[in-house]
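Colleague: have a look at this prediction, sequence included:
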Amino acid sequence: MAQAVVTEALSLNNPLFGCYAFYCAVLVLKMMFMSVFTAMTRLKTEVFASPEDAVFARSAKARARTNLIRDENVERVRRAHLNDLENIPIFLIVSLVYILTNPSYFLATMLIRIYALARIIHTFVYAVVVIPQPARGISWFVGFAITGYMAVQNLLCFLN
Amino acid sequence: MAQAVVTEALSLNNPLFGCYAFYCAVLVLKMMFMSVFTAMTRLKTEVFASPEDAVFARSAKARARTNLIRDENVERVRRAHLNDLENIPIFLIVSLVYILTNPSYFLATMLIRIYALARIIHTFVYAVVVIPQPARGISWFVGFAITGYMAVQNLLCFLN
Amino acid sequence: MAQAVVTEALSLNNPLFGCYAFYCAVLVLKMMFMSVFTAMTRLKTEVFASPEDAVFARSAKARARTNLIRDENVERVRRAHLNDLENIPIFLIVSLVYILTNPSYFLATMLIRIYALARIIHTFVYAVVVIPQPARGISWFVGFAITGYMAVQNLLCFLN
C-alpha cells in the first residue's frame, strides 16, 4: 500500500513538491543570511575567529585579541545559526519523505508554511531584536513539533 | 547503464525506500531528542547560553553566571549533538543516493539498520551513561565506515 | 508548467542526476575527512574534548588539561568543519531540487563542479596550509554564490 502511494507521489504530478521546493529555498536563503549576519557582526565588533581575518581587516585591535575574547553579539548570532543547523536540514529531509507519503494537501502545505514562518520568527527574536522568552522558545517549539509530527507520520507509514 | 538502474530505482517499486524512510525518521527523532536533552541538562545545572533564558527560568544563580561558566554535563550533551550534526545529515543524503544505485536489498537494509543502531549506541555511551573508550570510538567508526562505503559505491556507480 | 518539467526530470533519464550523485559523494568524503583530521590534530597536540579520550590515549598531559585549554590548531580544523556543516548540507539539498527544475545541462554541471572545487580549496587554505586572506574568503564566496543562485532559481521556478 505504502508502496503504491510512494510511486504516485514520486512521479510528481504531486503539487506538494512545488510547495516543498519553494519553502526549501526560502529556508536555505534564511540560513545563508546567518553566515552574512555573523560576518557583519564580527566586522562591527572587530572580533574575528582567525588571525588572518584580523590582518585582512587591518584591525590592530582585532589582531591583538583574536581568540582571546568572545563577543556576546557575535555569539548570539552564532547560536541562532547553530540552532538552524540543528533543526532545518533534518526538517528538509523528513519533509521530503513526508510529501511522498500522500498526506492531505491542505495539511502538508500548511505545516511547511508554518514551519518556515516559525524559523524566520525564531531568528528574528533570537538574533535581530532580542525579545524576552518565551518568544524564542515558542517559535522553536512550533518548528520542533512539526518536524516531530512528520517524522512520526513517516515512521507509521513505513512500519512494514 | 547507471542511468537505467536509477530510473528503475526511482520509480520506487523499490522496497528499499521504505527501509530508508523508516530509519531516516528514527535518526531524526534521535537527533531531536538531543535538543530536549540539552535543554533538560541546562535546566538541571542552571547553565544557560542566553541571559533571557536565565531570566525566564527565574534563576538568580543562572543569571549571574550566564556566559561565564560552561558546565561539563551540558558540554558533553552538546558534543554528542554536534557529532550527530557532523555525521547523520550527510548519511541521510548519501544513503538516499545509494538506494537509487540498485544495491543488494539484503546488504543495503543491513547497512541502514546497523547505522541507526550504531548512532543510538554512540549517543548512549557518549551522553547518557559515560562508558570508557573505545566504546564511543567503535560506535562512531561503524557509522563512519558505512557512510564512507556508500559514498565510494556512489562514486564508482556514477563515474561517467 | 513547472509540474511537467519536474516529472520529466525525476524520471531521470536526466543525466544531471549522475553528476549530482558523483559530486555529492566527493563532498561527503571531504567532510568525513574533517572528522579524521580533527582526531589526528587532537592526538598530535594531545588536546582532547572528553576526559575518557585522554585516558584512552594514556596521556597524562592531556588528562590534566582536558577542557582547560583549547589548541588553536584543533580549533582551526573544527572551524573549517563547522563551515562545511553550515554550507554543504544545504547545497546538497538545494542542488538536488535545482537539477529537477530542468536547468541547462552545461550550466548545472559546471556549477556543481565549481562548487565542489571551491569547497576543497576552502578546506585546504583554511586548515591544511593557512594562506592569507582573501584566499579563504573567495573560495567560501564562490560556494555561497552558487548555493544562492540555485536557491533563487528554485524560488522563481516554483513561484506558483
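Modeller: Yes, it's here. Quantities reported herein were computed from a predicted structural model and do not represent experimental measurements. Numbering: from 1, shown residues only, chains lettered A, B, ... in the order given.
Colleague: quick one: neighbours of A:Leu107, just the number.
Modeller: 11 (other CB atoms under 10 Å in any protein chain shown). Using the backbone N, CA and C atoms, a C-beta is placed for each residue, glycine as well.
Colleague: what average pLDDT does the helix or strand encompassing it get?
Modeller: Following DSSP states H and E, the helix or strand that holds A:Leu107 is helix A:105-123. Helix A:105-123 shows an average pLDDT of 95 in the prediction.
Colleague: now swap in stretch A:93-102 and tell me
Modeller: Taken as a whole, stretch A:93-102 carries a mean pLDDT of 89.
Colleague: and that stretch, anywhere near chain B?
Modeller: Yes - using CB under 8 Å from any CB of the partner chain, we find that stretch A:93-102 touches chain B at A:Ile93, A:Val94, A:Val97, A:Leu100, A:Thr101.
Colleague: any part of that stretch near chain C?
Modeller: Yes - legend: contact between stretch A:93-102 and chain C by CB under 8 Å from any CB is shown at A:Ile93.
Colleague: could you dump that stretch to CSV, C-alpha only?
Modeller: Provided in CSV are the C-alpha atoms of stretch A:93-102 (Å, rounded to 0.1, in the frame of the first residue of the first chain):
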residue,chain,number,x,y,z
ILE,A,93,14.9,15.7,4.7
VAL,A,94,12.0,14.5,6.8
SER,A,95,9.5,16.7,5.0
LEU,A,96,10.7,15.5,1.6
VAL,A,97,9.9,11.9,2.7
TYR,A,98,6.7,13.2,4.2
ILE,A,99,5.3,14.6,1.0
LEU,A,100,5.9,11.2,-0.6
THR,A,101,3.6,9.6,1.9
ASN,A,102,0.5,11.1,0.2
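Colleague: so how far is that stretch off the chain centroid?
Modeller: Here the centre of mass of C-alpha atoms in stretch A:93-102, compared against the chain's by CA atoms, centre = their mean, to the nearest Å, lies 17 Å away.
Colleague: for it, buried residues please.
Modeller: Across stretch A:93-102, burial judged by 16 or more other CB atoms under 10 Å in any protein chain shown covers A:Ile93, A:Val94, A:Ser95, A:Leu96, A:Val97, A:Tyr98, A:Ile99, A:Leu100, A:Thr101, A:Asn102.
Colleague: spit out the contact partners of the closest residue in space to the first one that isn't next to it in sequence.
Modeller: Distance criterion CB to CB, 6 or more residues apart in numbering or on different chains; nearest residue to A:Ile93, sequence neighbours excluded, is B:Leu92 at 5.1 Å. With contact set as CB atoms under 8 Å, 6 or more residues apart in numbering or on different chains, B:Leu92 has these partners: A:Ile90, A:Ile93, B:Cys24, B:Leu27.
Colleague: dump these to CSV, plus secondary structure.
Modeller: Below are the contacts of B:Leu92 laid out as CSV (DSSP: H, G, I helix; E, B strand; the rest coil):
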residue, secondary structure
A:Ile90, helix
A:Ile93, helix
B:Cys24, helix
B:Leu27, helix
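Colleague: any idea which of these is closest to chain C?
Modeller: Minimum distance to chain C across the contacts of B:Leu92 is 7.5 Å, recorded for A:Ile93 (CB to the nearest CB).
Colleague: from the buried residues of stretch A:93-102, pick the one nearest C:Phe48.
Modeller: A:Ile93 (31.5 Å; CB to CB).
Colleague: pretty sure that closest one is touching B:Cys24, no?
Modeller: Yes - counting by CB atoms under 8 Å, a contact exists between A:Ile93 and B:Cys24, whose distance comes to 6.4 Å.
Colleague: around chain B, which positions in chain A sit nearby?
Modeller: Contact residues (CB under 8 Å from any CB) of chain A with chain B: A:2-3, A:6-7, A:10-11, A:72, A:75-76, A:79, A:85-87, A:89-90, A:93-94, A:97, A:100-101, A:126, A:130, A:132-134, A:136-137, A:144, A:147-148, A:151-152, A:154-155, A:157-159.
Colleague: OK, contacts around the residue in chain A that chain B sits nearest to?
Modeller: Relative to chain B, the nearest point of chain A is A:Gln133 (3.6 Å; CB to the nearest CB). When contacts are counted by CB under 8 Å, 6+ apart, A:Gln133 is found next to B:Glu52, B:Asp53, B:Val55, B:Phe56.
Colleague: and what of A:Thr147?
Modeller: A:Asn87, A:Ile90, A:Phe91, A:Val94, A:Ser95, A:Tyr115, B:Val28, B:Met32.
Colleague: burial check on whichever residue of chain A sits closest to chain C, number of neighbours?
Modeller: With CB to the nearest CB as the measure, A:Phe56 is the residue of chain A nearest to chain C, at 3.6 Å. Taking other CB under 10 Å as the neighbour definition, A:Phe56 ends up with a count of 17.
Colleague: before we move on, what about A:Phe37?
Modeller: Neighbour count for A:Phe37, taken as other CB under 10 Å: 18.
Colleague: other SSEs contacting the helix or strand where it lies?
Modeller: For A:Phe37, the enclosing helix or strand under DSSP H and E is helix A:16-45. For helix A:16-45, the elements it packs on are helix A:72-99, helix A:105-123, helix C:2-10, helix C:72-99, helix C:135-157, judged by 3 or more CB pairs under 8 Å, 6 or more residues apart in numbering or on different chains; DSSP states H and E.
Colleague: nearest to C:Thr38, out of the ones you listed?
Modeller: Of all the helices and strands packed on helix A:16-45, the one in closest proximity to C:Thr38, counting by CB to CB, is helix C:72-99 (4.9 Å).
Colleague: run the chain-centre distance for the closest one.
Modeller: On CA atoms, centre = their mean, the centre of helix C:72-99 falls 3 Å from that of its chain.
Colleague: got the angle for it vs helix C:105-123?
Modeller: 170 degrees (axes from the mean of the first three to the mean of the last three CA atoms, to 10 degrees).
Colleague: list the buried residues in helix C:72-99.
Modeller: Burial within helix C:72-99, assessed by neighbour count using 16+ other CB under 10 Å, is assigned to C:74-78, C:80-99.
Colleague: about what we covered before: what are the contacting residues of the helix holding A:Leu107?
Modeller: For helix A:105-123, contacts defined as CB under 8 Å, 6+ apart pick out A:15-16, A:19-20, A:23, A:26-27, A:30, A:33-34, A:80, A:83-84, A:87-88, A:91, A:95, A:98-99, A:135-136, A:139-140, A:142-143, A:146-147, A:149-150.
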